[in-house]
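*Asks:* Just the structure for this:
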Amino acid sequence: MSRPPDLEAAPAPPAPDGPGAASPVAADRERRVGVVAGIAAYSLWGVFPLVFHQLRSVEPTEILIHRVVWSFVVVAMLLVVRQERHWFAQVRSQPGALPRLTLAAVLIAVNWLVYIWAVNNDHVVEAALGYYVNPLISVALGIAVLGERLRRLQLVALGFGVVAVGVLTVAYGRVPWIALVLACSFGGYGFLKKAVTVGAVTSLAVETLVLLPAAVVGLVVLEATGEAAFLHGSLGRDVLLVGLGVITAVPLLLFGTAARRIPLSLLGLLQYLTPTLQLLCGVLVFHEPMPPERFVGFVLVWIALGLLAADALGQRRRPAPTPPSVTAPVVDAT
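*Replies:* Got it, this is the predicted structure:
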């Protein structure tokens, strides 16, 4: 799937007063722009099944190859337009950044490939489940890798998540592997990127650059063996394959616009637009079944997410002592 960028890249909201603060009217306008941009970004990600379904005559691996190639072309053009000549040096200057982004690139490639396969094989509903489960995977990663201690609501939420997977395993008659692979690959992707403080466009440029050699070789092999769909079908299909670069970059830029203008808590709530729209696409557009036992599994996941949201809001309301001289860093999310 086209992934929403990790929310850790979002900057802290601007201070409401003090020297140089924006006027209330300007601040309100900026907030409205941020909300509209956020809704647009997550909505576009949410209707991606409609795009990939139009390419169901193309093998998922070839779709992935084209997405990597044309995404790199688009982000490279953006970096040139923005005159960012030292974007790769910026990544190399951070210790461990390049290895992390390299592994992140592998994980996002797995994520994209499984998502494309799922959409084109009538598993949109299960793909949507993967992005609902993702926050629970992030909590689990915090325990397993960072040794974090769970708060009570987090523990209960994780318990609901485990029960939900059990219920859905019974409902599907198998482990919901598509949802789990999507959630784990995206959760690992976000975990790796958390320590790399570069903008989303720079990050995507590095990730696609890492994948580019394999993608180019793949294109050559497909063409040489006569298995390529590109340039061997309708013009509309070829245009859509090339357009995957723009389709990947546009919501990313909208996300960057939103991340600079609205609080992280609001951005976090908006992210659930994506799996919700994907779920609606699966049920209402592609008419995938949603029997009662499967619906119960989704309800359990929603309860778990509600508990996580309640825990996050509760933590946010608790005052944290901060020295007056310390200010939160602002990170460019685009």
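*Asks:* pLDDT weak spots in the stretch 201-334 of the chain?
*Replies:* Counting by pLDDT under 70, the low-confidence segments of the stretch 201-334 of the chain come to 316-334.
*Asks:* now the helices for it?
*Replies:* Assignment of helices within the stretch 201-334 of the chain using DSSP state H, counting those that start in this stretch yields the ranges 235-242, 244-259, 264-270, 273-280, 292-317.
*Asks:* need those helices in a markdown table with mean neighbour count, can you?
*Replies:* Every residue, glycine included, has its C-beta placed from N, CA and C. As requested, the helices of the stretch 201-334 of the chain are arranged in a markdown table below (neighbours: other C-beta atoms under 10 Å):
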| stretch | mean neighbour count |
| --- | --- |
| helix 235-242 | 14 |
| helix 244-259 | 21 |
| helix 264-270 | 17 |
| helix 273-280 | 22 |
| helix 292-317 | 16 |
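*Asks:* I'd like those as a markdown table, with distance to residue 108 appended.
*Replies:* Formatted as a markdown table, the helices of the stretch 201-334 of the chain follow (distance: least, C-beta to C-beta, whole Å):
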| stretch | distance to residue 108 |
| --- | --- |
| helix 235-242 | 19 |
| helix 244-259 | 11 |
| helix 264-270 | 20 |
| helix 273-280 | 15 |
| helix 292-317 | 23 |
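*Asks:* burial of residue 36, as a residue count?
*Replies:* 15 (other C-beta atoms under 10 Å).
*Asks:* how close does it get to residue 96?
*Replies:* Distance from residue 36 to residue 96, counting by C-beta to C-beta, to the nearest Å: 36 Å.
*Asks:* rewinding a little: I'd like to know which of the helices of the stretch 201-334 of the chain lies nearest to residue 84.
*Replies:* Of all the helices of the stretch 201-334 of the chain, helix 244-259 sits nearest to residue 84, with 13.4 Å by C-beta to C-beta.
*Asks:* Compute the inter-axis angle for that closest one and helix 273-280.
*Replies:* Interaxial angle, helix 244-259 versus helix 273-280 (axes from the mean of the first three to the mean of the last three C-alpha atoms, to 10 degrees): 130 degrees.
*Asks:* just how off-centre is helix 244-259 within its chain?
*Replies:* Centroid separation for helix 244-259 versus its chain: 11 Å, with C-alpha atoms, centre = their mean, to the nearest Å.
*Asks:* tell me the angle of that helix relative to helix 235-242?
*Replies:* 50 degrees.
*Asks:* I'd like to know which elements helix 244-259 is packed against.
*Replies:* If contacts are counted by 3 or more C-beta pairs under 8 Å, 6 or more residues apart in numbering; DSSP states H and E, helix 244-259 sits against helix 24-46, helix 60-81, helix 200-224, helix 264-270.
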